[in-house]
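[1] build me a model from this:
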Amino acid sequence: MLSLKNLLISKPITGLASSINSSFTQIRTATKRVSGSKTNNKDSAGRRLGPKVYEGHPVKPGQIIMRQRGTKIHPGENVRIGVDHTIYAVEPGFVRFYFDPFHPLRKYVGVALKKDIRLPKDHFAPRLRRFGYVPIEDPVAAKNEELQRSRKEILALPQLQKQQNKQYSLRKRKMNEYTEKLTKSGNSPAEFSEAEDVEKAAERLFKISQFVDLGQDVSQAQLQVTYDELYNIRLQYRRGELNESDFDLAKSKYLEVAKKVDGLTLNQ
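    Numbering: from 1, shown residues only. Reported below is the predicted structural model:
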């Protein structure tokens, strides 16, 4: 005899499960709170990038020529680049945008010192600089040229002049002391028979003392002073101020003076 329980388990009622499922609908609710985006909701001001001075326009020292991000434009002659890639002029002149033949994929900007100068110049052409110009005879033009200095340079002029006078007085005093020591009777005056040799010897001693004050030992200072003087003699020969015989004579005379000076024992 079958019980009601066994009847329900063995033979489920048809349509009961489907009717229960159809009466309930599953709803998925949100578990995260929705809010508005907080990024890019402010419109900042532009950085005003780009060229500030264009081709052929005049510029003054310190004037900004180009503001950029990265080196889209590379610095050329008479300009410099800042840490934020800003290019500014360091000499008064006229702006030139150009391509360098050695770097054809780079565009450069430079400052030409004269309006008729085009950049880039020839590879072996000398670089034009402000020093070496002819003196300005017209007082009005000279005054205008002096006014081209920056305020910082004008304020620093008294201090620079004071420092220059101090160095000149120190050099003159030291040169007199060394000349007196070299011409003493106890220091073999026959070693330096000519006044020019005495002057060169005193100047050599002064330069050696300067290098020693900077921390070099005496032997290194002597080598450095010898190299500098021979280099100056070589420059005179290259500029045509000395011919070949005068060049050899000047070099041998200085080496002889240097040998005599380095062999002396002076009381410093």
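
[2] export the lengthiest strand in the chain to CSV, keeping only CA atoms.
    In the chain, assigned by DSSP state E, the strand with the most residues is strand 103-112. The C-alpha coordinates for strand 103-112 follow below in CSV (Å, rounded to 0.1, in the frame of the first residue of the first chain):
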residue,chain,number,x,y,z
HIS,A,103,71.3,67.5,-38.7
PRO,A,104,68.8,67.7,-41.5
LEU,A,105,65.9,66.5,-39.4
ARG,A,106,66.3,69.2,-36.8
LYS,A,107,65.0,72.7,-37.0
TYR,A,108,67.1,75.4,-35.2
VAL,A,109,66.6,78.9,-34.1
GLY,A,110,69.4,81.4,-33.6
VAL,A,111,70.2,85.1,-33.4
ALA,A,112,72.2,86.8,-36.1
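
[3] low pLDDT regions in the protein?
    Counting by pLDDT under 70, the chain shows low-confidence ranges at 1-24, 30, 32-40, 127, 130-133, 185-193, 264-268.

[4] again, only using 90
    Along the chain, the model assigns pLDDT under 90 to residues 1-47, 100-105, 113-158, 160-161, 163-164, 167-268.

[5] most centrally placed residue in it?
    residue 80 (7.6 Å; C-alpha atoms, centre = their mean).

[6] how about the helices in the stretch 101-250 of the chain?
    139-146, 151-182, 195-213, 218-238, 244-263 (DSSP state H, counting those that start in this stretch).

[7] so which elements touch the third one?
    Yep, that's helix 195-213 we're talking about. Using 3 or more C-beta pairs under 8 Å, 6 or more residues apart in numbering; DSSP states H and E, the elements in contact with helix 195-213 are helix 151-182, helix 218-238, helix 244-263. No exception for glycine: its C-beta is placed from N, CA and C like everyone else's.

[8] mean neighbour count and distance to residue 120 for those helices - can I get that in TSV?
    What follows is the helices and strands packed on helix 195-213, written out as TSV (neighbours: other C-beta atoms under 10 Å; distance: least, C-beta to C-beta, whole Å):
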stretch	mean neighbour count	distance to residue 120
helix 151-182	12	29
helix 218-238	14	26
helix 244-263	14	35
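
[9] for those helices, which one sits closest to residue 126?
    helix 218-238 (13.7 Å; C-beta to C-beta).

[10] quick one, phi psi at residue 50?
    Per-residue torsions, residue 50: phi 120, psi -180 (degrees, to the nearest 10).

[11] not counting residues beside it along the chain, what's closest to it?
    Closest residue in space to residue 50, ignoring its immediate chain neighbours: residue 67 at 6.5 Å, by C-beta to C-beta, 6 or more residues apart in numbering.

[12] quick one: residues contacting residue 79.
    65, 87, 88, 89, 90, 109, 110, 111 (C-beta atoms under 8 Å, 6 or more residues apart in numbering).

[13] which SS class is the third one?
    Okay, so that is residue 88. Under the three-state scheme (DSSP: H, G, I helix; E, B strand; the rest coil), residue 88 adopts strand.

[14] how much space between it and residue 68?
    As defined by C-beta to C-beta, to the nearest Å, residue 88 lies at a distance of 12 Å from residue 68.

[15] cool, and the second one?
    With the distance defined as C-beta to C-beta, residue 87 ends up 8 Å from residue 68.
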